[in-house]
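Chemist: Have a look at this fold, sequence not included:
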């Protein structure tokens, strides 16, 4: 059975190709980890955003994702966020990158993160209340709504972590290399590629016919110029402020 709400064993192939750590986002994450020397990465996937200058222990329940970790990273432990096999306060810091919305029990997973971490817990997540501002909502509202329903409220995340919580906006650059939906704010043609959509789990919660309608509507508007008439200014916007946030919880 999948560890969360998305089956990466069936749909995770090729993820590491489409979802590569963006260096500017990585720099913000690594700064939030502070002076931590030992870091736990939960829901680690293929290892995106793991710092190379610290001792990192990765946890990832999907074999499909574990096998995609590059050779320079240590193998990930087969475990779930909701039941971490570590002692209390075992790590200086913890990170969870675009993963908490997929967990089967977010509350339990966040409590576990705090239990095993004596310093900052750094979580990258989408603000569900801001997702509808992205132009994709005009073409695939079902995708945006599916994602919104999965995103826990940041107030809830903060209450579960306890301590002091800071929420930082994460700027998305026009050439962002991490292929989540808003990364292509200036490159709408990318959504016509099935491999791009397969690496964005929210599409997996939409009926195939609705997905086909959305893609064909986008294709038609790109060919006619309708998309550029409405959203063309985005093609030269160097940085987009979307729904991506960094939640930093201190004990």
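Modeler: In hand now; what should we look at? Note that this is a predicted model, so its numbers are computed, not measured. Residues are numbered from 1 along each chain as shown.
Chemist: Can you get me a residue count around the residue nearest to residue 244 when sequence neighbours are not counted?
Modeler: Nearest residue to residue 244, sequence neighbours excluded (CB to CB, 6 or more residues apart in numbering): residue 170, at 4.1 Å. C-beta here means a position set from N, CA and C on the backbone, and glycine is covered the same way. By other CB atoms under 10 Å, 19 other residues sit near residue 170.
Chemist: tell me the contacts of residue 167?
Modeler: 154, 245-248 (CB atoms under 8 Å, 6 or more residues apart in numbering).
Chemist: From those residues, which land in strands?
Modeler: 245-248 (DSSP state E).
Chemist: I am assuming residue 108 contacts residue 100, so please confirm or correct that.
Modeler: No - the criterion here is CB atoms under 8 Å, and residue 108 misses it with residue 100 at 11.3 Å.
Chemist: of the two, who's got more company?
Modeler: residue 100 (25 against 15).
Chemist: Average pLDDT for the lengthiest helix in the chain, rounded please.
Modeler: As assigned by DSSP state H, the longest helix anywhere in the chain is helix 208-224. In this model, helix 208-224 has an average pLDDT of 97.
Chemist: And it, how far out from the chain middle?
Modeler: Helix 208-224 sits 25 Å away from the centroid of its parent chain (CA atoms, centre = their mean, to the nearest Å).
Chemist: From the contact counts, what lies against it?
Modeler: helix 141-150, helix 226-231 (3 or more CB pairs under 8 Å, 6 or more residues apart in numbering; DSSP states H and E).
Chemist: anything in contact with each of residue 108 and residue 100?
Modeler: Between them, residue 108 and residue 100 share the contacting residues residue 81, judged by CB under 8 Å, 6+ apart.
Chemist: How about residue 176, nearest residue that isn't a chain neighbour?
Modeler: residue 183 is the one closest to residue 176 (CB to CB, 6+ apart), at 4.0 Å.
Chemist: Could you list the low-confidence segments of this structure?
Modeler: For the chain, the stretches flagged by pLDDT under 70 are 1-8, 11-12.
Chemist: Determine which residue lies closest to the centroid of it.
Modeler: Closest residue to the average C-alpha location of the chain: residue 98 at 2.3 Å, with CA atoms, centre = their mean.
Chemist: Please name the nearest non-neighbouring residue to that one.
Modeler: Here the residue nearest residue 98, using CB to CB, 6+ apart, is residue 124, at 5.5 Å.
Chemist: Give me the distance between the two termini of stretch 238-246.
Modeler: 20 Å (CA to CA, to the nearest Å).
Chemist: Tell me which residues of it come out buried.
Modeler: Using 16 or more other CB atoms under 10 Å as the test for burial, stretch 238-246 gives 240, 242-246.
Chemist: Nearest to residue 207 among those residues?
Modeler: Taking CB to CB as the measure, residue 207 lies nearest residue 243 of the buried residues of stretch 238-246, at 23.3 Å.
Chemist: State the distance from the closest one to residue 125.
Modeler: 9 Å (CB to CB, to the nearest Å).
Chemist: try residue 209
Modeler: Counting by CB to CB - residue 209 and residue 125 are separated by 29 Å.
Chemist: do residue 135 as well
Modeler: Per CB to CB, residue 135 is found 21 Å from residue 125.
Chemist: neighbour count winner among these two?
Modeler: The neighbour comparison of residue 135 against residue 125 (other CB under 10 Å) goes to residue 125, with 22 against 14.
Chemist: so where do the strands sit in this protein?
Modeler: 38-42, 55-59, 93-97, 121-126, 164-169, 172-173, 239-240, 244-250.
Chemist: Between these, which one is closest to residue 179.
Modeler: Using CB to CB, the nearest of these to residue 179 is strand 172-173, at 11.3 Å.
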